[in-house]
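Chemist: return a 3D structure for these sequence lines:
(2 chains, ligands or ions: 2)
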Amino acid sequence: MSKFQNILDSYGVSRRDFLKYCTALGATLSLSPALAPKVAEAIEKDDRPPVIWLEFQDCAGDSESLLRSNRPTVAELVLDYLSIDYHETIMAAAGHQAEEAQRATVEKYKGKYICVVEGSIPVNDDGVYCTIGGKSAVQILNEVGGNAAFVIAVGTCATYGGLPAAYPNPTGAKRVKELLPNKTVINLPGCPMNVDNLTGTIVHYLLFGAPPVMDKFLRPKFAYGKRIHDNCERRGHFDAGQFVNAWGDEAHRQGWCLYKMGCKGPETFHNCPTVRWNEGTSWPVQSGHGCVGCSEPGFWDTMTPIYNRLPNIPGFGVEATATKIGAAVVGISAVVFGTHGIVSLIRNKGMVKKVEHEFEDEE
Amino acid sequence: MADNKCAARRYVYVWEGPVRISHWLNFFCIIFLSITGVYIHYPFVTACSLSNAPYIMGIVRYSHYLVGVIFAFSVLLRLFWLFMGNYYSSWKSFSNPFKKEDRKIFWGYFKYYIFLERNPPHVLGHNPVALVAYIVLFNLFILQIITGFALWSQADPNSTMYAITGWIFNFVSNQWVRFYHYIFMFLVAGFVINHIYSAVIFDFKSQSGEISSIFSGWKPERRR
Ligand code: HEM
Ligand code: SF4
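Modeler: Numbering: from 1, shown residues only, chains lettered A, B, ... in the order given. Ligands and ions are numbered 1, 2, ... in the order given. All right, here's what the predicted structure looks like:
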């Protein structure tokens, strides 16, 4: 019995379930079903690269996403099997022992291991806002990320700065790519990222030896190539003009579109509607709440207010919606030119007579 | 009234065909785009029955895009004519801030607008202050077209349209692109108020057929 079979048995997962999972993963990656055995092979291979999982300014939500399941799933098994050598939240070792494990992996597998980063990196005041074992996040990222085969930034904080980088960004939080400009960084934004996309990205690497095709924000296209809005099950209601107008109204109970409640689906790229969460159980819009746009660059600052469709205008007070400002522009214009008109009326008195006789005497 | 001699010395064909066509296409497109745009921003009509799904938003968005394309061609036509047209429609009629004469006319009109001058020197084409407003306006149009096509292209980030317009998202996040696309509508509306008012007042003041000229193209050249 192979080593992998042993692991399957210890998780109580049948070979059949494992292969089913590989097929689903292949579908997520937009691979042909014929490649499913190859996916399985890639996962089973013995020379998998080790993974070092770094956590900086984060909420551990992506780790949570990784561990989320209430029963051991194939996905979890695969990730476990990937030999995550260092992960602060889930590793048994602690303190110097843990740091030693990390150092050993970096040295032994230099340029071969995968570095996963969760959380943004503060750079203000020499990075004192996040230190682990006496080293700042910037240092750790440079050492560990800098020597990895490639870096996967998981969650919106690591990919775009996320909440810590939201205005006024007191810690000077930065995203991974800003600090490792020359490294291959794969962004898996989301609050949290979806673990199926992480597995997919890693398996893609195992299978093809290269990161998946990415868009200009360095997100894999297989997961972030389509807008939420274009795959949303409520889209039919959007096109029909059937909208929720208040939480809990008849339309809300009917499951109509959440556009007017500030849904950011039209501006957000993610595969939530198709892959969903918690083993494909549901996702925000399905459960009746609009998309908050958590996986877009600039999330928080650009996607708030969550229940308004468009951002508020900074510097004009909290409730300065675009409509109010716009109406003011039109109003001011009307008042200015209205007044101008009245003044002109008075100034032009007598003009009609003058013009009517203007060229009379030239004849 | 044989003794009442006409103020016009002769007639000049000021606005050529393409200028007028583009003007009226813009007129209809802007009205249509604004109405459909307001609906897209805030869908005030909600379809109520489940069984009779009317596809309201679908039709509104489709027609917004279709008219948007027409609008884009209309603006392109006018920009083309900026280089091909006669003096009055050409960039050559822009005031040159280095020329004393141009500066004098510009300030004359500026003072007219703030009631410090009664009779600014007559010009046949655009008055130089209004011309500045038109330049700003056409920049707004171009921004409106770029942001519009960029928003549209998000339906498929692998498309040519995204390749052409998607660069905007490198500088401005898509929520703010949407925001600007919305707020520019109000700026255009504010301009329209000014534009109609100024056309009427100058037509009245200078008897130069301002308003009829955008229908027929002709303007009288005044004696003084
Ligand atoms: C004077 C010109 C225009 C005006 C006043 C206008 C107005 C608007 C307004 C008010 C919105 C709603 C914005 C929001 O609240 O999210 C909108 C959306 C939009 N407009 Fe325009 N627009 C104009 C030109 C164009 C052009 C030339 C195009 C390109 C074809 C275009 C494409 C779009 C698109 C794609 C949307 C988003 C619709 C959606 O995703 O549901 N617009 N427009
Ligand atoms: S609920 Fe949101 S994502 Fe779904 S169709 Fe409506 S606006 Fe689009």
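Chemist: do a quick rundown of the helices in chain B.
Modeler: B:17-41, B:56-84, B:100-113, B:128-153, B:160-165, B:168-171, B:174-206, B:210-216 (DSSP state H).
Chemist: give me phi/psi at residue A:173?
Modeler: Backbone torsions for residue A:173, taken as degrees, to the nearest 10, come to phi -70, psi 140.
Chemist: bridged to it, which residues?
Modeler: residue A:122 (DSSP bridges).
Chemist: what about it, how many neighbours?
Modeler: 26 (other C-beta atoms under 10 Å in any protein chain shown). Bear in mind the C-beta positions are built from the backbone N, C-alpha and C, glycine included.
Chemist: doesn't residue A:159 make contact with it?
Modeler: No - Residue A:173 lies out of contact with residue A:159 (C-beta atoms under 8 Å); the separation is 11.9 Å.
Chemist: before we move on, back to that, now the helices of chain B as CSV including mean neighbour count and mean pLDDT?
Modeler: Listed next are the helices of chain B as CSV, based on neighbours: other C-beta atoms under 10 Å in any protein chain shown; pLDDT from 0 to 100:
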stretch, mean neighbour count, mean pLDDT
helix B:17-41, 17, 95
helix B:56-84, 17, 95
helix B:100-113, 15, 84
helix B:128-153, 18, 93
helix B:160-165, 15, 93
helix B:168-171, 15, 92
helix B:174-206, 19, 91
helix B:210-216, 16, 90
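Chemist: in CSV: the ones you listed, plus distance to ligand 1.
Modeler: Putting the helices of chain B into CSV (distance: least, C-beta to the nearest ligand atom, whole Å) gives the following:
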stretch, distance to ligand 1
helix B:17-41, 2
helix B:56-84, 3
helix B:100-113, 25
helix B:128-153, 2
helix B:160-165, 9
helix B:168-171, 13
helix B:174-206, 4
helix B:210-216, 18
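Chemist: ok, which of those comes nearest residue A:204?
Modeler: Residue A:204 lies closest to helix B:160-165 among the helices of chain B, at 23.3 Å (C-beta to C-beta).
Chemist: contact partners for the closest residue to ligand 2 within chain B?
Modeler: When scored by C-beta to the nearest ligand atom, chain B has residue B:57 as its residue closest to ligand 2, at 9.6 Å. The contact partners of residue B:57, by C-beta atoms under 8 Å, 6 or more residues apart in numbering or on different chains, come to A:238-241, B:39-40, B:43.
Chemist: what sits closest to it if chain neighbours are left out?
Modeler: Of all residues not flanking residue B:57 in the chain, residue A:241 sits nearest, at 4.7 Å (C-beta to C-beta, 6 or more residues apart in numbering or on different chains).
Chemist: how many neighbours does the one you found have?
Modeler: 24.
Chemist: that one and residue B:41, how far apart?
Modeler: As judged by C-beta to C-beta, to the nearest Å, residue A:241 and residue B:41 stand 14 Å apart.
Chemist: swap in residue A:235?
Modeler: Taken as C-beta to C-beta, the span from residue A:235 to residue B:41 is 18 Å.
Chemist: do the same with residue A:29
Modeler: From residue A:29 across to residue B:41, the span is 37 Å (C-beta to C-beta).
Chemist: over to residue A:136: give its phi and psi.
Modeler: Phi and psi for residue A:136, reported as degrees, to the nearest 10, are phi -80, psi 160.
Chemist: ok, what's across the strand from it?
Modeler: Counting by DSSP bridges, residue A:136 is bridged to residue A:131.
Chemist: so it touches residue A:128, yeah?
Modeler: Yes - when contacts are counted by C-beta under 8 Å, residue A:136 is listed as touching residue A:128 (6.8 Å).
Chemist: quick one: least confident helix or strand in chain A?
Modeler: helix A:74-81 (a mean of 66; mean pLDDT, DSSP states H and E).
Chemist: what's the biggest helix in chain A, counting residues?
Modeler: helix A:322-347.
Chemist: which bits of chain B sit near ligand 2?
Modeler: Contacts of chain B with ligand 2, taken as C-beta under 6 Å from any ligand atom, are absent.
Chemist: domains in chain A, by residue range?
Modeler: Domain ranges of chain A: A:47-224, A:228-362, per automatic domain parsing.
Chemist: ok, now which ones touch the residue positioned nearest the centre of chain A?
Modeler: In chain A, the centroid-proximal residue (C-alpha atoms, centre = their mean) is residue A:295; its distance is 2.1 Å. The contact partners of residue A:295, by C-beta under 8 Å, 6+ apart, come to A:156, A:189-191, A:193, A:219, A:224, A:268-270.
Chemist: same deal with residue A:96?
Modeler: Counted by C-beta under 8 Å, 6+ apart, residue A:96 has contacts residue A:133.
Chemist: make sure it is indeed in a strand.
Modeler: No - counting by DSSP: H, G, I helix; E, B strand; the rest coil, residue A:96 falls outside a strand, being helix.
Chemist: can you tell me how far it is from chain B?
Modeler: Residue A:96 sits 43 Å away from chain B, taking C-beta to the nearest C-beta, to the nearest Å as the criterion.
Chemist: what does chain A have sitting close to ligand 2?
Modeler: By C-beta under 6 Å from any ligand atom, the residues of chain A that approach ligand 2 are A:228-229, A:232, A:234-235, A:238, A:257-259, A:263, A:265-266, A:285, A:290-291.
Chemist: tell me which two of the residues you listed sit farthest apart.
Modeler: Maximum distance among the residues of chain A next to ligand 2 (C-beta to C-beta): 13.2 Å, for A:235 and A:290.
Chemist: what sits against the residue of the stretch 201-350 of chain A at minimum distance from ligand 2?
Modeler: The minimum distance from the stretch 201-350 of chain A to ligand 2, using C-beta to the nearest ligand atom, falls at residue A:265 (2.2 Å). By C-beta under 8 Å, 6+ apart, the contact set of residue A:265 is A:227-229, A:232, A:258-259, A:285, A:290-291.
Chemist: just the ones in strands from those, please.
Modeler: Among those, no residue falls in strands (DSSP state E).
Chemist: now narrow those residues to whatever sits close to ligand 1.
Modeler: Counting by C-beta under 6 Å from any ligand atom, no member of those reaches ligand 1.
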